[in-house]
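Engineer: Have a look; sequence and predicted model below, questions after that.
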Amino acid sequence: MTADEGDHEAGANVGRAIQPTPANCDGAVVTGTTVTPDVACTYPAGTFGELNTNVKGLLVTQKNNTTPFSLEADSAPQFYVTGQPARTNPAVRQLERDAAGLTASNPYSGNPNETIANYLADPVEEAILHIVNADPARTPTFTMFAKPDYFLFNGAPNCTAACVSINTGFAYNHGDYAAEIDTTWLGLAGPGVANKGVDGLGPTGGPSSAGPDSGNVTVPGSGTTGTWVDHTDIRPTLLHLVGLKDDYIQDGRIITEDLTSVPATLSLPAVQSLGQVYKQLNASVGLFGTATLVAATHALASSSAADSHYTVIEQQLLVLGQRRDALATTIKNKLNAAEFSGTPISFGSALSLTLQAQSIIAQAERLATSS
C-alpha cells in the first residue's frame, strides 16, 4: 500500500503572519502505537488556502512581457509558447528569465517581495527528469517548479483584479518539487517481507509543510532516512514476491533491503549498492535529478553576453543527460537480468558501474554549485 505523492499544506503554521487559534493547535501526534487526538486549528475567515496566482497578469504588469503561451495550471505549471519555438529562441529565453524573476506578497510568510519560482526546467532538463516522451507536442517549452504555496494559472493580462489571492477552496498542493510532496511512504507486508517496522523516520519525523524550510529544501537534503526507493520499484518487488516476471525491462529494482531473502544473484553487498546508486542516478528527485535541476534553473534565469552562460551550462547538461541515460540503461538491464533471469552481476562489474554512477552524480553536483 502506498500513496502516489504527499501534499504541501499552503499557509502552514510555522512562520505564519496570521496565526490560528488556539495556540497549541496541531495535527494528531503519534508516539509508537499511541495516537493523541489533534487539537483543531481555527483560522480567521479568508486566511487559509493556496495562493492563486495569475501568472500572465504578473508577467505583463511586472515584466511587460506579452509573449503568447498556454499553461497547464499547477503549482508546477508547464508553459507552452505559441508556435513551439526552439528553446534558444530569444522570446523564449526572455520569458524564462521573466518567469524566474516574478515576485508576490506572501500573506503567510509576511514577505512582501517573495520570488515565486524555486526551479525552472527547459526540454534539456525535462528530459533528465523524464518529462519528455515520444510526442513532441507534449513537451513543455519550460516548466516552473514554484514555491508550493502558489498555484499558477493563465488569467487576464493585467492585475486590475488581484493577481495573487488566497483561494480558500483548496489548501493542499502537490505535483511540485518539495520534500514534503515528493517524500511519501510504502507499506509492505506478507510472506518474504522482513518485519522491520518503520524503515526510516516515524510519522512525525519526515519533511513537513509546517517546518521552517517548508517548500525550500531539496529531497536529498531533507534529512529523510530509510530505504530510498521510488514508485517504479514497487512492481518488480511484488513480482518477485509472487514468483512472476514481466516480458519487458522495468525501470525499477527489487527492494532487497526489506525482504527476508533475495535471489542469490542480488546477494552481494556490491550489487545492492549498485541498485541504490542507480536510484540516485535515475530517479527524478534523486541526487542527479536534483543537482541538474539546480544547474538548469541558474542557466535559464541567467543573462549574459550572447547568452553564453546559458549555452555553456545547457551543453554540459546535455552531455550529462546522455551519459546518465546510457549508464542507467546498462544498470537496469543488468539488474533485471539478475532479478528475473538468474544472470549474476560480478563484484567487479557492480563496483565499476557504481563508480561510474557516482562520478556522473558528482559532476552534476559540481555543475550545480558552480553555475
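Structural biologist: Arrived safely, thanks for sending.
Engineer: At which residues are the helices of the stretch 251-371 of the chain located?
Structural biologist: 269-282, 287-301, 308-340, 347-370 (DSSP state H, counting those that start in this stretch).
Engineer: Among those, which comes closest to F145?
Structural biologist: Of all these, helix 287-301 sits nearest to F145, with 7.6 Å by CB to CB. In this view, the C-beta of every residue, glycine as well, is placed from N, C-alpha and C.
Engineer: Just the mean pLDDT for the closest one, thanks.
Structural biologist: For helix 287-301, mean pLDDT is 98.
Engineer: Remind me what that helix packs against, helices and strands.
Structural biologist: The contact analysis (3 or more CB pairs under 8 Å, 6 or more residues apart in numbering; DSSP states H and E) places helix 287-301 against helix 90-100, strand 117-121, helix 123-128, helix 269-282, helix 308-340, helix 347-370.
Engineer: mind putting those in CSV, mean neighbour count and distance to G190 included?
Structural biologist: Listed next are the helices and strands packed on helix 287-301 as CSV, based on neighbours: other CB atoms under 10 Å; distance: least, CB to CB, whole Å:
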stretch, mean neighbour count, distance to G190
helix 90-100, 19, 47
strand 117-121, 23, 38
helix 123-128, 22, 35
helix 269-282, 20, 21
helix 308-340, 18, 18
helix 347-370, 17, 28
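Engineer: Quick one: closest of the ones you listed to H240.
Structural biologist: Going by CB to CB, the one of those nearest H240 is helix 308-340, 6.5 Å.
Engineer: So which elements touch the closest one?
Structural biologist: Counting by 3+ CB pairs under 8 Å, 6+ apart, helix 308-340 packs on helix 123-128, helix 234-242, helix 269-282, helix 287-301, helix 347-370.
Engineer: Show me the protein divided up by domain.
Structural biologist: 50-173, 227-370 (automatic domain parsing).
Engineer: would you turn those domains into JSON lines with distance to V198?
Structural biologist: Shown next, in JSON lines, are these (distance: least, CB to CB, whole Å):
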{"stretch": "domain 50-173", "distance to V198": "23"}
{"stretch": "domain 227-370", "distance to V198": "11"}
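Engineer: Out of the ones you listed, which is closest to D213?
Structural biologist: domain 50-173 (11.4 Å).
Engineer: Who does L152 form a beta bridge with?
Structural biologist: For L152, the beta-bridge partners are T53, D74 (DSSP bridges).
Engineer: what's the closest of the helices of the stretch 251-371 of the chain to V55?
Structural biologist: That would be helix 287-301 among the helices of the stretch 251-371 of the chain, by CB to CB, at 15.6 Å.
Engineer: where in the stretch 101-250 of the chain is pLDDT low?
Structural biologist: Scanning the stretch 101-250 of the chain for pLDDT under 70 picks out no residues.
Engineer: which stretches of it form strands?
Structural biologist: 103-104, 114-115, 117-121, 142-146, 150-153, 164-167, 172-173 (DSSP state E, counting those that start in this stretch).
Engineer: and Q363, what does it touch?
Structural biologist: L320 (CB atoms under 8 Å, 6 or more residues apart in numbering).
Engineer: now it: how far from T292?
Structural biologist: Distance of Q363 to T292, computed by CB to CB, to the nearest Å: 10 Å.
Engineer: What score does the closest residue to H298 other than its chain neighbours have for pLDDT?
Structural biologist: With sequence-adjacent residues excluded and distances taken as CB to CB, 6 or more residues apart in numbering, H298 is closest to S371, at 4.1 Å. As predicted, S371 sits at a pLDDT of 88.
Engineer: Can we start the residue count at 38 from this point?
Structural biologist: From this message on, residue numbering opens at 38, which makes the last subject S408.
Engineer: which residue sits closest to the residue most central in space within the chain in space, ignoring its chain neighbours?
Structural biologist: Geometric centre of the chain, nearest residue: Y214, 3.6 Å, by CA atoms, centre = their mean. Distances taken as CB to CB, 6+ apart put F182 closest to Y214, at 4.2 Å, once the chain neighbours are dropped.
Engineer: List the residues that contact the one you found.
Structural biologist: So F182 contacts A113, A154, N155, Y156, L157, A158, D213, Y214, L330 (CB under 8 Å, 6+ apart).
Engineer: For A343, state which of those residues is nearest.
Structural biologist: Taking CB to CB as the measure, A343 sits nearest to L157 out of the contacts of F182, at 20.2 Å.
Engineer: Distance check, the closest one against Q121.
Structural biologist: Distance, L157 to Q121, by CB to CB: 18 Å.
Engineer: thinking again about what came up before, any idea what the residue nearest to Y214 is bridged to?
Structural biologist: Beta-bridge pairing of F182 under DSSP bridges involves Y156.
Engineer: tally of neighbours for T84?
Structural biologist: When neighbours are counted by other CB atoms under 10 Å, T84 registers 16.
Engineer: Quick check, it in contact with Q56.
Structural biologist: No. With contact defined as CB atoms under 8 Å, T84 does not count as touching Q56 (9.6 Å).
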